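In: task: produce atomic coordinates for the following.
(chains A, B and C)
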Amino acid sequence: MSPPVANGTGQPLLQLSQHSLAYQGQTVLTDVTLTIATGEKVALIGESGAGKSTLLKLLRSQQPQQSAYCPQHLGLVQPLSVFHNIYMGRLNRYSCWHNLRNLIYPTAERMAEIGALAAELGIAGHLRHSVDRLSGGQQQRTALGRALYQQSPLFIGDEPVSSVDEYQADALLALINQRHSTVVVALHDQQLALKHYQRVIGLRAGRVVLDAPTDRLSSTELAAVYPQS
Amino acid sequence: MTAPARFDTTAGRYRRLSLGLALTALLALTLADIDWVNSSPWFELGRIGWGMLTPDFFGVESLASAVANTLAFALLGVAVANVTGFIFALLFRWRLVQLFCALIRAVHELFWALLFLQLFGLGTLTGLLAIAIPYTGIFARVYAEILEEADQRPAELVPVGSGWLSTFAYARIPPAFAHLKNYALYRLECGIRSSAVLGFIGLPTLGFHLETSFSQGLYSQAAALLYLFFALIASIRLWVRPWLIPLYLAMALYWLPFDGYWSVATLQQFLGYDIVPAPLRDAGVQALAEPRLWWPWLQNLLLQQALPGIVNTLVLSIIAMVACGILTLLLFPLVSTLFMPRQGRSTGHLLLVVLRSIPELILAFIILLVTGPSMLPAIIALALHNGAIIAHLIGRYSDALLLRDDASRGINRYLFEVLPRIYPQFLAFLLYRWEVIMRETAILGILGIHTLGFFIDSAFEELRFDRALLLILMTALVNMALDQLARALRRRLQLDANPQQARY
Amino acid sequence: MKKLAFLALGCLLSLSAHAATFTFTAIPDQDETLLRERFGKIANYLSQELGIDVAYVPVKSYAAAITAFRNNQVQLAWFGGLSGVQARMRVPNSEAIAQGYEDQFFKSYFIAHHSTGLVPGDTLSSELQGKTFTFGSKGSTSGRLMPEFYLRQQFDQAPETLFERVGFSGDHSRTIALVQSGAYQVGAVNYAVWERELAAGNIDTSSVSVIWETPTYPDYQWSIRGDVDATWGEGFKARVKQALLSMDDPELLASFPRQSFVEASNDDFAPVAKVARSIGLID
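Out: Reported below is the predicted structural model:
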């Protein structure tokens, strides 16, 4: 299937129009206007503090039911196993009874499903280990696993591959794209942004300073997102 | 000339609060009834010392059953309170629940026991409720705080529509579980202490024999009982295992007879007569419309007992609290891995177990022999007991601090590395303890200090339950007010920034 | 077996299991080991005389003894003067049935530490003013009620204003220990306890001595509930009374110690009730 072009042809999924946001007297977002359509794969770039996380949260709140969200802080339950943390992606899918049962003694079916997912993420060997014993990269993959397990059409991620090496990052971003029709991801690595996404949005001090299809992006445009030094 | 730049630090706020507390305590000291008589305690102290050196483990009848009773009351009482407290913790956002919990934990276990004694006699139910009820209030508050302060982020990330119970089981309990468990274990230790102390009013626990042998001057027996008690407390972490708890509970249920005394007539008598204010008993409810009937009674009670009781209790408790704080800061390095080698720590732990396990009443009696009666023995006893408890908790907390490898040592480490890090924790503990110290001033009537507890004890002794109940309510109100004050102070200083450990 | 029954503290917890057991208690006014030994013997004696199971239940406070009596957990009790009055006020038709011969003329001692310089006299010295003072238990007749009554009578003021400080040691033995050590300067004790401790050599007479003894007053007595006949049959109360009065085993009597038991009635304690009312201990 061919992905829709930038400012694409699919149904608008997420929309902001001249949106501003202040937190404790500090302006975080100013005059943000953007539309993301179903099927788009979008990278969000900008220096830290530019408002990326805030924008992602805002976008998530527009489609809470449909989005799989992977925050920077991961939000894992440290004492629980990798299995359980990934399982939590579908707490809303199963009955309460089933959830409790799997908390105490996982069913073979769920174990198999989640085991397969964990294998794809490269953490199958830790399925039964609690998250607090894993490295940062393994924890990040667990959080990704939880988001993937949701099988939502929309993925929203805040630096979802910041703690893994380049090679793995490549594979994981490809996996994310493959499993979700619409993807919005904040990244600090410009190379990865250009490689995996058709559209790049640049934020600087809370304003959108760049919004262009990747294939028509010049290096000057890209550089304008970051402050001159 | 420019003004010198002023420091504006968090530590500065801690210092100001500490100074404020110290000044208040000094002010209280000027009002306090402190005295030191020139006594000749050596005859008695010699006997006590000799007793401590020659413990007599065979002089006490039915020692084994006293130990079993002590443990059974504690285990069951704490288990029940654990469940009910947890339920209340889930409802804790309601103000009414908060007030109710503050009320039930403001009343000392001994007073709960004295009340239930009237209803159920000297039976299992009395002991169980006397522990379970105040502990429910304590558990509710602490569990609510633990859940509130635990990592909330996982719960925010569960998919929309996951259901309350699933979210709770996966995302709310697991992050808090370790703290809930640790706290429950610590409460069990407190439960054993409470259970033993209930013996002072006649329940067949260790305190029963301890009080007997101590008041009769049978110090060798008293020493044996105390040593046994220390051993029980010090070994808790060895014999309490999560998988053994159900077994212990079953044994406790089997051991304690539940055929206690109970009758509707007693209940009616208690509710319909005993706790009705004396002037209203014969006249009935309509007498409420005629203040001249009951106002003198109430006025007398308020002016003669409640008011001086409140003043004395406040004065005593604030001095004891500050003394307790100073003691804590001196004692906690004894059990901290940051300051002490292994062997030194064992000695430190032993000292703290001893100090926090000797019932305050006995501690106060020994000090009374030396200093004579005044607020002094009460202050020393309360400070030693509670100081040892906070020092124990702060010591454990300091173990978790990660210092850089080349951190300074000795006094420099204490002042620069450790004190600033533990101080918010320490202040939070201390403010929690204020409430506990208030409750404990109740049992020191032997010193002739007219605290609220002294008057409540007198009312029970004179079988005037109407007065006892009214005074208990006053105590609860004072406790609730103090609790609010402590809470406001903590919030202003943001002492709860890292509060997982800050418990009673 | 019955002898063991009172030893096992478990029986405290299972009173109603022995509904047909005639149960009694005693105020814990002194050495409890001694109380248990003494009343264990009494339980045996009564059991033999009455032909039913009799058990003694130890309690920890005067109030607990009264409550047990009122709630019918015990049917008979060895009370002090004040506790007897308080208990019988709460149980209709209950009666004082017997007291020790000596209990008709009981008394309290005021004791003082030698550093006070107080000397024995026919009245309480006015030098008592401003001293520190300890009673025994708050509900004791000989350790609280009567001493307070005589203090008020002589000085016409409440103990709290007369003395610099007033404490409640909790029991007579502890009063002696506290005054002996000088922690409290003056105290009031049951004369019988003092005499016994003195004889046993537990008192250091170089530091504490008696400075005044009160006039006599009626004190300890056996009180019984009014409804015992309904449970154990007509005339049961009379049989209990007879059993107590005819106790002549020297060993039993020596354990109290009383030379014999004599009849008592509620009216004998009217003076105690009056005193208690006058100092506001009962309404």
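In: chain A contacts on chain B?
Out: Residues of chain B lying close to chain A by CB under 8 Å from any CB of the partner chain are B:151, B:153-154, B:156-163, B:165-167, B:169-171, B:174-175, B:177-178. All C-beta spots, glycine's among them, are computed from the backbone N, C-alpha and C.
In: need the helices for the chain, in chain order.
Out: You didn't pick a chain, so chain A it is. Counting by DSSP state H, chain A has helices at residues A:52-62, A:82-87, A:96-104, A:108-121, A:136-149, A:166-179, A:190-196, A:219-223.
In: oops, chain C please
Out: Secondary structure of chain C, counting by DSSP H: helices at C:2-7, C:32-50, C:62-70, C:81-90, C:146-155, C:159-162, C:172-180, C:191-199, C:228-232, C:236-245, C:250-255, C:270-278.
In: per-domain residue ranges of chain A.
Out: Using automatic domain parsing, the domain parsing of chain A gives A:1-66+A:153-229, A:76-151.
In: of the ones you listed, which is nearest chain B?
Out: Counting by CB to the nearest CB, chain B lies closest to domain A:76-151 out of those; the figure is 3.7 Å.
In: burial count for residue 151?
Out: Since no chain was named, I'll use chain A. For A:Gln151, the count of nearby residues is 12 (other CB atoms under 10 Å in any protein chain shown).
In: try again with chain C
Out: Neighbour count of C:Leu151, defined by other CB under 10 Å: 24.
In: find the closest residue to chain C in chain A.
Out: A:Ile104 (37.8 Å).
In: look at that residue and report its pLDDT.
Out: Model confidence at A:Ile104, given as pLDDT, is 86.
In: lowest confidence element among the helices and strands of chain A?
Out: Least confident helix or strand of chain A, by mean pLDDT, DSSP states H and E, is helix A:219-223 with a mean of 81.
In: could you list the buried residues of that one?
Out: A:Leu222 (16 or more other CB atoms under 10 Å in any protein chain shown).
In: how about low-confidence regions in the stretch 1-150 of chain C?
Out: C:1-19, C:30-31 (pLDDT under 70).
In: for A:Ile176, which non-adjacent residue is closest in space?
Out: A:Phe155 (5.6 Å; CB to CB, 6 or more residues apart in numbering or on different chains).
In: so that neighbour touches A:Ser181, yeah?
Out: No: applying CB atoms under 8 Å, one finds A:Phe155 not in contact with A:Ser181, separated by 9.1 Å.
In: neighbour count winner among these two?
Out: Taking neighbours as other CB under 10 Å, A:Phe155 and A:Ser181 compare with A:Phe155 leading, 25 against 18.
In: partners of that one in the sheet?
Out: Beta-bridge partners for A:Phe155, by DSSP bridges, are A:Ala68, A:Val183.
In: for C:Tyr217, same thing?
Out: With DSSP bridges as the rule, C:Tyr217 is bridged to C:Phe106.
In: list the contacts of it.
Out: By CB atoms under 8 Å, 6 or more residues apart in numbering or on different chains, the contact set of C:Tyr217 is C:Gly81, C:Phe105, C:Phe106, C:Lys107, C:Thr141, C:Met146, C:Pro271, C:Val272.
In: what's the closest of these to chain B?
Out: Chain B has its nearest neighbour among these in C:Thr141, at 13.0 Å by CB to the nearest CB.
In: can you tell me how far that closest one is from C:Glu148?
Out: From C:Thr141 across to C:Glu148, the span is 10 Å (CB to CB, to the nearest Å).
In: higher neighbour count, the two?
Out: A side-by-side neighbour count of C:Thr141 and C:Glu148, using other CB under 10 Å, places C:Thr141 first with 32 against 22.
In: need phi/psi at the residue nearest the centre of chain B.
Out: In chain B, the residue lying closest to the centroid (CA atoms, centre = their mean) is B:Val436, at 4.3 Å. Main-chain dihedrals, B:Val436, degrees, to the nearest 10: phi -70, psi -40.
In: that one and B:Asn386 touch, don't they?
Out: Yes: using CB under 8 Å, B:Val436 makes contact with B:Asn386 at a distance of 6.7 Å.
In: just for the stretch 151-300 of chain B, where's the confidence low?
Out: Within the stretch 151-300 of chain B, the stretches with pLDDT under 70 are B:259-262.
In: closest residue of it to chain C?
Out: Counting by CB to the nearest CB, the stretch 151-300 of chain B gets nearest chain C through B:Gly202, at 3.4 Å.
In: ok, that residue to chain A distance?
Out: Distance from B:Gly202 to chain A, counting by CB to the nearest CB, to the nearest Å: 44 Å.
In: got a list of what the nearest residue to that residue once chain neighbours are set aside touches?
Out: Sequence neighbours aside, C:Lys60 is the residue nearest to B:Gly202 in space, at 3.4 Å (criterion: CB to CB, 6+ apart). For C:Lys60, the contact set (CB under 8 Å, 6+ apart) comprises B:Gly199, B:Phe200, B:Ile201, B:Gly202, B:Phe208, B:Glu211, C:Pro28.
In: what's next to stretch B:402-415, contact-wise?
Out: B:Pro333, B:Leu338, B:Phe339, B:Phe416, B:Glu417.
In: which residue sits closest to B:Leu31, ignoring its sequence neighbours?
Out: Leaving aside its sequence neighbours, B:Leu31 sits nearest to B:Val315 (CB to CB, 6+ apart; 5.3 Å).
In: how many residues are close by the residue nearest to A:Lys52 when sequence neighbours are not counted?
Out: Leaving aside its sequence neighbours, A:Lys52 sits nearest to A:Ala186 (CB to CB, 6+ apart; 4.2 Å). By other CB under 10 Å, the residues close to A:Ala186 number 25.
In: gap between B:Phe200 and C:Ser223?
Out: In terms of CB to CB, B:Phe200 sits 25 Å off from C:Ser223.
In: should've said B:Phe429
Out: 51 Å.
In: so, low pLDDT: which residues of the chain?
Out: Went with chain A since none was named. Residue ranges of chain A with pLDDT under 70: A:1-9, A:228-229.
In: looking at chain B here, not the other one
Out: Looking at chain B by pLDDT under 70, you get B:1-5, B:8, B:38, B:259-262, B:442-443, B:445-448, B:494-504.
In: show me it divided up by domain.
Out: Domains of chain B are assigned by automatic domain parsing as B:11-54+B:292-504, B:57-274.
In: before we move on, back to that, who wins for most neighbours among the contacts of C:Tyr217?
Out: Neighbour-wise, those (other CB under 10 Å) top out at C:Thr141, 32 neighbours.
In: my guess is that one meets C:Ser83, correct?
Out: Yes: using CB under 8 Å, C:Thr141 makes contact with C:Ser83 at a distance of 7.2 Å.
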